[in-house]
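J.: Have a look at this prediction, sequence included:
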Protein chains: 4
Amino acid sequence: MAISSEPFLLINFKTYLEATGKKAVDLARNFEAVGLDTGVRVGVAPQFCDIEQVAAHVEIPVYAQHIDPIGPGAFTGHVLADSVFAAGATGTLINHSERNQKLSEIDKSVELARRVGLETVVCAGTARLGAAVALSEPDMVAIEPPELIGSGRAVSKERPEVITESVKRIRAVNPKVTILCGAGITTGEDVYAALKLGMEGILVASGVVKAPDPPQVLRDFCQAVLKFK
Amino acid sequence: MAISSEPFLLINFKTYLEATGKKAVDLARNFEAVGLDTGVRVGVAPQFCDIEQVAAHVEIPVYAQHIDPIGPGAFTGHVLADSVFAAGATGTLINHSERNQKLSEIDKSVELARRVGLETVVCAGTARLGAAVALSEPDMVAIEPPELIGSGRAVSKERPEVITESVKRIRAVNPKVTILCGAGITTGEDVYAALKLGMEGILVASGVVKAPDPPQVLRDFCQAVLKFK
Amino acid sequence: MAISSEPFLLINFKTYLEATGKKAVDLARNFEAVGLDTGVRVGVAPQFCDIEQVAAHVEIPVYAQHIDPIGPGAFTGHVLADSVFAAGATGTLINHSERNQKLSEIDKSVELARRVGLETVVCAGTARLGAAVALSEPDMVAIEPPELIGSGRAVSKERPEVITESVKRIRAVNPKVTILCGAGITTGEDVYAALKLGMEGILVASGVVKAPDPPQVLRDFCQAVLKFK
Amino acid sequence: MAISSEPFLLINFKTYLEATGKKAVDLARNFEAVGLDTGVRVGVAPQFCDIEQVAAHVEIPVYAQHIDPIGPGAFTGHVLADSVFAAGATGTLINHSERNQKLSEIDKSVELARRVGLETVVCAGTARLGAAVALSEPDMVAIEPPELIGSGRAVSKERPEVITESVKRIRAVNPKVTILCGAGITTGEDVYAALKLGMEGILVASGVVKAPDPPQVLRDFCQAVLKFK
């Protein structure tokens, strides 16, 4: 799967009510409009039940927030990669800090996603764990120090050394994987700082979704990307 | 929530490929047709990503296979009751033996489901555990001995004493909850035997979904219901 | 197993450093001395690795803090009921709020403990869950609202209605089980209030173990028991 | 911590009844005798409750089978590194396939063990996962394909390519870590084959503990080590 080298802004809808059901579709359409307008690559990660409708209404990448390390069969209540793909998702998050997996499950999930054609963003909380998951050869690794998630204090400004260390450690074991970061990113400046440190994209949630005017915040992010390029 | 006193046949799609994506919608429509034709109450429990499309195409009850014991917020990759409801589900399974929950989580899930207006079917593997979950006052309890699930050996014939014991123990603590059973049910005869033992409905998965002709098997089940009444 | 009708004070050592290794043995001996001196039934629940030494040095009941719902076999890193018993424990906690179990695991753990001869104290956070676990017929149920654990605000004073409701609900399904409570208990007054509400014992941890003078606090507890009788 | 370059035979007692309580102590003494007699480094990993007594009776390395990724505090029922160490253990297994951990937990467990002075053997089921855990810089990594554990079919003969691939991948990210393998090892020949493939030791359980004459099997293992050297 060829991943563009353009910076990627991926917006995680978590289980926010502001991003559930019809509101998920509306948000995704607004985010798509900002992406089209600015020419920046934007993607969304809605809840499982919203993937189908979001994917039916936008052409930008749609990610699941998680898949389970299981195949088709007797797995009531689990999230099958094939199901996520059939609903229109183009990728999936794996091992988000709010949905941490066992090491063997992360590896299996990457393999299952790849097999059905889903792009993979594997999350990790530290540079070392970022390198560990990069060994499974996902499309992207997202570094998110858990203590900064939702904090409003941007990883790219509060902990720039985590980012530079992540790049170093991940590149030592995997020269090709795309590296994103997230946690506490709320402004275009935070985005710019991350790109300066070598990040190839941003994983963001509350900073955009819970903002008073989400598309406007995303627009700021996109302008930071354009300024960087 | 007033639950009909008519026997209820609830078909769990698990993560079967035969019941994923467009095939989930087709199956649900075929099952709906059988229900309409025979006048028997039929419901389906598709995967999360298929709930919206299934609910858009049928009028029968649509159940989620699981919800997580969480509210709106920062719960990436979790299943929010509100999301399931917004997608069109009318109910949810809880604590299926393939997705066992902690005791405190079962109780919280029932409460969260009730709050958003989802009917609840809480599963339990034994008569005693059936009584324990009945204390949380779900709409229904489904007794499924795990060792018989998917076995083709019907609980209503192989272990009738589990059913009678379940009725006794559950009724001792909750006189109103609807009692279903499941595990190994593959024929109308199995269904009839369960109803005879006091069951008010059946939870079935592979017995119908993995059959060569699923609607035909469901029709046999419905005829057993009609014969019983 | 005949459980005495005398009030029981069970002290949980958690993973406190103040109650690890040699300090666990010293604490247990001091607590035993207070029990002998006052004639009140006192027990201790040290960490797994300390059970053997504690049991070798005291004659009071020694409880494990948890057992796993597994039998002998290939279960590396798990806690086998037989092992706990062989080390000298006379009982075990099950489903403590810091080690919550699946409903089916609680039931299985009670059975495994009973089979090897361990007394069982199953914890639950609410009156309803207390009744649910009482169905498994453990020797004792301990009601501990999780939000008060370690808070210093005693359940018997802050939430007396939880206790009275627990007695009512538990007795409705199990007339024989001994009922303890815990959470936030730090003084003899708290203990007295609990006994007044119908409790047959107390489960305590930080209130005694983290106190400046643990045996002195336990002595206050014991005097409250004597005053109550 | 300087780990000897001599091959290391580590015997995991799992929750086998044959290796519980007094029998754990007897086995450990017999294994120590074989080690002393042959001059081969032998260690044992008994259950938590047996660590203290085993460590009191032998001088060979004693390992816990698991530690929890927690520090001192309110963690009822968990296994604290400090407690394991205080009982006399010199090391611990981490992430055994029967006690798989989340990636972030593995990393934290290695750090906690190191902090209290416990040697660490982190298990992994594949070469890639072996490299992932080697990034956490434990003292040793043990490669055990889960499907061969307890099978009697030795990894060193059935899947030699897993071993050579593990050496290659682990060495690429960590030149110093000691590499063990395990799964299905039952004879001296199996041990010899593993050492030939570059292994620096063996993790074994049922192959020794469940044998009719455990010390005799260990003696065969030790002779294979001597023959190799």
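T.: Received it, and whenever you're ready, just let me know what you need. Numbers count the residues shown, from 1 in each chain, chains lettered A, B, ... in the order given.
J.: For chain A, list the residues in contact with chain D, please.
T.: Residues of chain A lying near chain D by CB under 8 Å from any CB of the partner chain: A:95, A:100-104, A:106-107, A:124-126, A:128-129, A:131-133, A:135-136, A:169, A:172-173. The C-beta positions use only the backbone N, C-alpha and C, and glycine is treated the same way.
J.: What about these, which are in helices?
T.: In this view, these that belong to helices under DSSP state H are A:Leu103, A:Ser104, A:Ile106, A:Asp107, A:Arg128, A:Leu129, A:Ala131, A:Ala132, A:Val133, A:Arg169, A:Ala172, A:Val173.
J.: neighbour-wise, which of those residues leads?
T.: A:Ala132 (32 neighbours; other CB atoms under 10 Å in any protein chain shown).
J.: which residues of chain A fall in strands?
T.: Counting by DSSP state E, one finds strands in chain A at the ranges A:8-12, A:41-45, A:63-64, A:91-94, A:119-124, A:140-143, A:178-182, A:201-204.
J.: so for the shortest one, what's the average pLDDT?
T.: Regarding strand A:63-64, the rounded mean pLDDT is 98.
J.: just the last one next, same as before
T.: Over the span of strand A:201-204, the pLDDT mean works out to 96.
J.: ok, residues contacting that strand?
T.: Strand A:201-204 has contacts (CB atoms under 8 Å, 6 or more residues apart in numbering or on different chains) with A:7-12, A:41, A:93, A:121, A:123, A:140, A:142, A:144, A:178-182, A:185, A:191, A:194, A:221.
J.: Direction included, what does it pair up with?
T.: If you go by DSSP bridges, strand A:201-204 pairs up with strand A:8-12 (parallel), strand A:178-182 (parallel).
J.: Determine the set of other helices and strands touching the helix ranked longest in chain A.
T.: Longest helix in chain A by number of residues (criterion: DSSP H): helix A:22-38. Applying 3 or more CB pairs under 8 Å, 6 or more residues apart in numbering or on different chains; DSSP states H and E, one finds that helix A:22-38 makes contact with strand A:41-45, helix A:51-57, helix A:214-228.
J.: so which of these gets nearest C:Ala211?
T.: Distance to C:Ala211, taken as CB to CB, is lowest for strand A:41-45 among the helices and strands packed on helix A:22-38, at 48.5 Å.
J.: Can stretch A:98-115 be said to contact chain B?
T.: Yes: with CB under 8 Å from any CB as the measure, stretch A:98-115 is seen reaching chain B through A:Glu98, A:Arg99.
J.: quick one: that stretch near chain C?
T.: No: Stretch A:98-115 lies apart from chain C when judged by CB under 8 Å from any CB; the minimum separation is 13.7 Å.
J.: Could you list the buried residues of that stretch?
T.: A:98-110, A:112-114 (16 or more other CB atoms under 10 Å in any protein chain shown).
J.: tally of neighbours for A:Lys227?
T.: When neighbours are counted by other CB under 10 Å, A:Lys227 registers 11.
J.: Let me have the ones in helices among the residues of chain A next to chain D in TSV, extended by pLDDT.
T.: Shown next, in TSV, are those (pLDDT from 0 to 100):
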residue	pLDDT
A:Leu103	91
A:Ser104	92
A:Ile106	96
A:Asp107	96
A:Arg128	95
A:Leu129	96
A:Ala131	97
A:Ala132	96
A:Val133	97
A:Arg169	96
A:Ala172	95
A:Val173	96
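J.: now the helices and strands packed on helix A:22-38 in CSV, with distance to chain C?
T.: Output for the helices and strands packed on helix A:22-38, formatted as CSV (distance: least, CB to the nearest CB, whole Å):
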stretch, distance to chain C
strand A:41-45, 29
helix A:51-57, 29
helix A:214-228, 34
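J.: what's the most buried one of these?
T.: strand A:41-45 (a mean of 25; mean count of other CB atoms under 10 Å in any protein chain shown).
J.: what's the average pLDDT for it?
T.: 98.
J.: Alpha carbons of that strand, as CSV, please.
T.: C-alpha atoms of strand A:41-45 as CSV (Å, rounded to 0.1, in the frame of the first residue of the first chain):
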residue,chain,number,x,y,z
ARG,A,41,-4.6,15.2,3.6
VAL,A,42,-7.2,14.7,6.3
GLY,A,43,-8.7,11.5,7.7
VAL,A,44,-11.3,10.6,10.3
ALA,A,45,-11.7,7.8,12.8
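J.: if we can go back for a sec, which of the ones in helices among the residues of chain A next to chain D sits closest to D:Tyr16?
T.: Distance to D:Tyr16 across these (CB to CB) is lowest for A:Ser104, with 24.0 Å.
J.: ok, so of the buried residues of stretch A:98-115, who is nearest A:Tyr63?
T.: A:Ala113 (10.3 Å).
J.: The closest one - nearest residue in space that isn't next to it in sequence?
T.: Once flanking residues are discounted, A:Ala113 sits nearest to A:Thr120: 4.8 Å by CB to CB, 6 or more residues apart in numbering or on different chains.
J.: Please name the residues that touch the one you found.
T.: Neighbouring residues of A:Thr120 by CB under 8 Å, 6+ apart: A:Gly91, A:Thr92, A:Ile94, A:Ser109, A:Val110, A:Ala113, A:Arg114, A:Pro138, A:Asp139, A:Met140.
J.: Tabulate those in TSV, adding columns for pLDDT.
T.: Converted to TSV, the contacts of A:Thr120 look like this (pLDDT from 0 to 100):
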residue	pLDDT
A:Gly91	98
A:Thr92	98
A:Ile94	98
A:Ser109	98
A:Val110	98
A:Ala113	98
A:Arg114	97
A:Pro138	98
A:Asp139	97
A:Met140	98
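J.: looking just at contacts, which helices and strands does the one helix or strand in chain A whose mean pLDDT sits lowest meet?
T.: Of all helical and strand segments in chain A, the minimum by mean pLDDT, DSSP states H and E falls on helix A:155-158, at a mean of 88. On a contact count with 3+ CB pairs under 8 Å, 6+ apart, helix A:155-158 meets helix A:160-173, strand A:178-182, helix A:188-196.
J.: now with 6 Å?
T.: Applying 3 or more CB pairs under 6 Å, 6 or more residues apart in numbering or on different chains; DSSP states H and E, one finds that helix A:155-158 contacts helix A:188-196.
J.: The helix it packs on to strand A:8-12, inter-axis angle?
T.: With axes from the mean of the first three to the mean of the last three CA atoms, to 10 degrees defining the directions, helix A:188-196 sits at 130 degrees from strand A:8-12.
J.: Helix A:188-196: how far from the chain's middle?
T.: 16 Å (CA atoms, centre = their mean, to the nearest Å).
J.: For it, buried residues please.
T.: Going by neighbour count (16+ other CB under 10 Å), the buried part of helix A:188-196 is A:Gly188, A:Asp190, A:Val191, A:Tyr192, A:Ala193, A:Ala194, A:Leu195.
J.: report the angle between the axes of it and helix A:214-228?
T.: Interaxial angle of helix A:188-196 relative to helix A:214-228 (the same axes, to 10 degrees): 40 degrees.
J.: Next, the angle helix A:160-173 makes with helix A:188-196.
T.: 30 degrees.
J.: Which secondary structure elements does helix A:188-196 sit against?
T.: If you count contacts as 3+ CB pairs under 6 Å, 6+ apart, helix A:188-196 packs onto helix A:155-158, helix A:214-228.
J.: Comparing the ones you listed, which yields the minimum mean pLDDT?
T.: helix A:155-158 (a mean of 88).
J.: List the buried residues of that one.
T.: A:Val155, A:Ser156, A:Lys157, A:Glu158.
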